[in-house]
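Undergrad: mind looking at a prediction? Sequence and model below.
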Amino acid sequence: MSGQFKTTRSWNQKALAGHWLATIKIDGVRAIWHEERGWLSRAGKPLYNVPSWQLGCPRDCEVFVGNFRDTVRATLTRFVKGDTPAILPMHLYGLEPLDARLHWGTLTNPAPNEILAQLHRANGLGHEGLVLRQADCWIKIKPEETHDVAITGFVEGRGRHLGRLGYVTTIMGNVSSGFSDYEREALWAEAKAERLVGQVIEVNCQEVTPRGQFRHPSFFRMRPDKLVS
């Protein structure tokens, strides 16, 4: 792969020092161009149906076809079906260099209330959040703190959840809420097939404790496009 792509961290709700470029965060799939293997996810998994890289175009992009679910379907479907969303060049948003469509503005020594005001304005226009950039430091700003974490174990449910997933374990704590009945059944099937451990989930939480544990975690969604070590 040519060069190193940037990673992002979650905002810690504190003031930031210096000049920051604010960019729109879209809910897509990160795509990194590899000379020999084509487009890959951050986990190094192949992405399908993405238009081939063209000379002069960004090698680090966000693919977004309207919503996260359709984007995942489009990029992870190896054999296209009639209902597979099409990925067009317009659905690739360059992250470096930055696609002009993602430019939001600049902030200087922003206080928490200023950052939150910008976030609320972006959310009001239908955007998922913002990313603040300062050289190699990229910070994601979202309404809730979210983290991607690998599943390390699982436990069967009790009562009405008997015979399906009760909760999953992670290095940042157990996650038991946020799953729909369908997700509990589907993930329990993955668990019984010995395919659940190691998969990545996105978790909402109030905050992360000083010991690195979730406080009030809730399952948000699976992240098949990511790999957390």
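TA: Nice, thanks for sending it over. Computed from a prediction, not measured in an experiment: that's the story for all the values here. Numbers count the residues shown, from 1 in each chain.
Undergrad: domain-wise, how is this structure divided?
TA: Here the domain parsing of the chain from automatic domain parsing is 8-143, 146-222.
Undergrad: make CSV from these and add mean pLDDT and mean neighbour count to it.
TA: All C-beta spots, glycine's among them, are computed from the backbone N, C-alpha and C. Shown next, in CSV, are the domains of the chain (pLDDT from 0 to 100; neighbours: other Cβ atoms under 10 Å):
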stretch, mean pLDDT, mean neighbour count
domain 8-143, 93, 16
domain 146-222, 94, 16
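Undergrad: wait, residue 205 touches residue 216, no?
TA: Yes: using Cβ atoms under 8 Å, residue 205 is in contact with residue 216, at 5.9 Å.
Undergrad: can you pull out the helices in this protein?
TA: Ranges of helices in the chain, per DSSP state H, are 68-76, 112-124, 181-192.
Undergrad: out of the ones you listed, flag the one nearest residue 52.
TA: Of all the helices of the chain, helix 68-76 sits nearest to residue 52, with 14.0 Å by Cβ to Cβ.
Undergrad: how about that closest one as PDB, C-alpha atoms only?
TA: Provided in PDB are the C-alpha atoms of helix 68-76 (Å, rounded to 0.1, in the frame of the first residue of the first chain):
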ATOM      1  CA  PHE A  68     -24.300   2.700   6.000                       C
ATOM      2  CA  ARG A  69     -26.300  -0.500   5.400                       C
ATOM      3  CA  ASP A  70     -26.400   0.000   1.600                       C
ATOM      4  CA  THR A  71     -22.700   1.000   1.600                       C
ATOM      5  CA  VAL A  72     -21.700  -2.200   3.400                       C
ATOM      6  CA  ARG A  73     -23.900  -4.300   1.100                       C
ATOM      7  CA  ALA A  74     -22.400  -2.700  -2.000                       C
ATOM      8  CA  THR A  75     -18.700  -3.000  -0.900                       C
ATOM      9  CA  LEU A  76     -18.900  -6.500   0.600                       C
END
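Undergrad: quick one: contacts for the closest residue to residue 140 other than its chain neighbours?
TA: Closest residue in space to residue 140, ignoring its immediate chain neighbours: residue 8 at 4.7 Å, by Cβ to Cβ, 6 or more residues apart in numbering. Shown in contact with residue 8 (Cβ atoms under 8 Å, 6 or more residues apart in numbering): 131, 138, 139, 140.
Undergrad: what distance do you get for the nearest residue to the second one once chain neighbours are set aside to residue 142?
TA: So that's residue 138. Once flanking residues are discounted, residue 138 sits nearest to residue 8: 4.2 Å by Cβ to Cβ, 6+ apart. For residue 8, the distance to residue 142 (Cβ to Cβ, to the nearest Å) stands at 11 Å.
Undergrad: now residue 62
TA: Taken as Cβ to Cβ, the span from residue 62 to residue 142 is 15 Å.
Undergrad: try residue 208
TA: For residue 208, the distance to residue 142 - Cβ to Cβ - is 14 Å.
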